[in-house]
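Colleague: Model the following, please.
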Amino acid sequence: MMSSTENIVELQQVEKKYLGVHALQSLDLNLQAGEVFGLFGHNGAGKTTIIKLILGLIEATSGKVSVFGQDPTQAGARELRGKLGFLQENVSFYDQLTGLEVLEYFARLKGFARKQCRQQCLELLAQVGLKDACGRRVKTYSKGMRQRLGLAQALLGNPRLLLLDEPTVGLDPIATQDFYHSIDQLKHQGCTVVLCSHVLPGVEKYIDRALILGRGSVLASGSIEQLRAQANLPAVFQLYGQPGLSETLPEDLRLLARDDSAGMRMAVPMDEKMHTLRALAGMSGVDNIDVQLPSLEDLYTHFIQRHCDQEAAL
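Modeller: I've put the predicted structure just below:
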């Protein structure tokens, strides 16, 4: 059995071309067991290409792809696919079947015994909030319900590697929160999750690392803290206090501050964050301080914009 410190997915210097167009360029990527990995980029950045390479649906033009130590495109990789779960962005099922019938169909494709099949399907439908709708035809399902059914399909067989492409499309806020709670549970069970999403605020606190792509190239990668260090964006302090607060600030802090409708905002370099916070906390007239660190959305925008500026300068 593969230890938790070994890479279950390895892409080494992978390139993929379609009709001469680089979908991916010199990509290196390693994923470990129990890791939640965010894959972000604009449409056409290469996210879906990476997922297809891991699933073995396409071959790399050059480089090496390894999943659980195997080439996923080889004929002997059938057993490997039993360890994978996949939810595509736009799910589509047979409208005339019930939710339970759809799930049982996919379970049998995965080799489930008929007796074992129904029980796990019912459990999964309950897990994704479709217990009461399992006997209804899919044509009566809302978009969000179809998305939940797709997630249940992806979870069949307790996969060790789960690939999710825009999994929260059509889900309401409560269902989205429940979804990420399920992802957190899978992580603690040792399942590795690759998550593609354009809804960045909901993803940030659940991922261990992120990869930001632009036109098939890696723009940035690492944990949120590592991305913040790479971007070097400031922290934003929102100050609340007595009128004329800005006049009481030391000159070096006054240069960073500007008044707004809510009080006063300061853009503080990350390496000066704690020093500035201690200085402000000791001042009279300051009633409250909110500190906003660069979010995943801020970081994504920064790296994409920097890439666009670099291309425009060429």
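
Colleague: Show me how far whatever helix or strand residue 116 lives in is from its chain's centre.
Modeller: In this structure, residue 116 sits in helix 114-127 according to DSSP states H and E. Offset of helix 114-127 from its chain centre (Cα atoms, centre = their mean, to the nearest Å): 27 Å.

Colleague: Who are the packing partners of the helix or strand following it?
Modeller: Counting by DSSP H and E, the next helix or strand C-terminal to helix 114-127 is helix 143-154. With contacts defined as 3 or more Cβ pairs under 8 Å, 6 or more residues apart in numbering; DSSP states H and E, helix 143-154 has these neighbours: strand 84-87, helix 99-109, helix 114-127, strand 161-165, helix 173-188. Any C-beta I mention is one placed from the backbone N, CA and C, and that applies to glycine too.

Colleague: Minimum distance to residue 46: which of the ones you listed has it?
Modeller: strand 161-165 (12.7 Å; Cβ to Cβ).

Colleague: The closest one pairs with which strands?
Modeller: strand 84-87 (parallel), strand 192-196 (parallel) (DSSP bridges).

Colleague: Count the residues that sit near residue 208.
Modeller: 17 (other Cβ atoms under 10 Å).

Colleague: now swap in residue 151 and tell me
Modeller: 26.

Colleague: Report the contact partners of it.
Modeller: 87, 128, 164, 167, 179, 182 (Cβ atoms under 8 Å, 6 or more residues apart in numbering).

Colleague: Please apply the same query to residue 85.
Modeller: Contacts for residue 85 (Cβ under 8 Å, 6+ apart) come out as 153-157, 159, 161-163.

Colleague: When you compare pLDDT across the residues you listed, which one is lowest?
Modeller: Lowest pLDDT within the contacts of residue 85 is found at residue 157 (88).

Colleague: C-terminal to the helix or strand bottoming out on mean pLDDT in the chain, what's the next element?
Modeller: The helix or strand of the chain with the poorest confidence is strand 257-260; it has a mean of 69 (mean pLDDT, DSSP states H and E). Proceeding N to C from strand 257-260, the next assigned helix or strand is strand 263-268, under DSSP H and E.

Colleague: Can you give me the neighbour number for the nearest residue to residue 7 once chain neighbours are set aside?
Modeller: In space, and not counting its chain neighbours, residue 7 is closest to residue 30: 4.4 Å by Cβ to Cβ, 6 or more residues apart in numbering. The tally of other residues near residue 30 (other Cβ under 10 Å) stands at 15.
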